[in-house]
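Enquirer: Show me how the following folds:
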Amino acid sequence: MLPTREEAEELLREAEKCNPGPWGNHSRIVAHCAERIAAGCDGLDADKAYKIGLLHDIGRKFGVRHLGHVSDGYSYMMSLGYDEAARICLTHSFHNETTDGYIGKFDTSEEELKMIQDALSAVTMDEYDRLIQLCDSIAGPESVLDIEERMGDVKRRYGYYPQAKWDNNLLLKKHFEAQIGKDIYSAVDKENFKLNSRQ
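Expert: The predicted structure is shown next:
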């Protein structure tokens, strides 16, 4: 289950009031990219892609946390009955369905970490999970970025970027380009898209 588009946008606006920061606009850019790419893929719902992209980082509502934003977002969306959004809060940070290779601090309680690991173990990644992982890797806080530029920025900020995750993101790019029959950056209008034109 998912909120309506308008409800998802309001959830993000309310969350930003609790913890202002560039993550809100990053989420909007993920949503834009996800919607545009999904529109070109057989079997994907562009409106669903937009909403889960918008809500993938909603756990940041509860403060500045690393792995904690995953458990916060998952628990928050589940509490509202939005299990499809909760799933994306969970899966967007993990390329291999485990917490191995997570970029950032393990700042969860033992209970939160177990919840994440148990929920991940029950998931088989689907095209929506993969799509949001890809879009997360090309969305900056102000614009769509080159995937290697974006990953390099994360590597500079955190001091590392697992090679397996890096390689997986490049494979996701090729995978979705094959699905839509065009370059990802063209699909999301990288050169012309401006966030303010959508607000």
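Enquirer: low-confidence ranges in the chain?
Expert: Where the chain drops to pLDDT under 70, the residues are 197-199.
Enquirer: Let me know the outermost residue of it.
Expert: For the chain, the C-alpha farthest from the mean C-alpha position belongs to Glu110; by C-alpha atoms, centre = their mean, that distance is 23.8 Å.
Enquirer: Let me see the ranges of the strands in this structure.
Expert: For the chain, applying DSSP state E gives no strands.
Enquirer: For it, just list every one of the helices.
Expert: 5-18, 23-39, 46-55, 68-79, 83-91, 110-121, 127-136, 147-158, 163-180, 184-187 (DSSP state H).
Enquirer: Buried by neighbour count: which residues of the first one qualify?
Expert: Of the residues in helix 5-18, those buried by neighbour count under the rule 16 or more other C-beta atoms under 10 Å are Ala8, Glu9, Leu11, Leu12, Ala15, Glu16. Heads up, the C-betas are built off the backbone N, CA and C, glycines and all.
Enquirer: Now tabulate those in TSV and tack on distance to His66.
Expert: Formatted as TSV, the buried residues of helix 5-18 follow (distance: C-beta to C-beta, whole Å):
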residue	distance to His66
Ala8	24
Glu9	26
Leu11	21
Leu12	20
Ala15	17
Glu16	19
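Enquirer: Just give me the closest of the residues you listed to Thr124.
Expert: Nearest to Thr124, judged by C-beta to C-beta, of those is Ala8 at 24.5 Å.
Enquirer: Hmm, that closest one is touching Leu54, no?
Expert: Yes: here Ala8 reaches Leu54: they are 4.9 Å apart, a contact under C-beta atoms under 8 Å.
Enquirer: what residues are shared contacts of the two?
Expert: Here Ala8 and Leu54 have no joint contacts, going by C-beta atoms under 8 Å, 6 or more residues apart in numbering.
Enquirer: Now for the buried residues of helix 5-18: which two are most distant?
Expert: Ala8 and Glu16 (13.0 Å).
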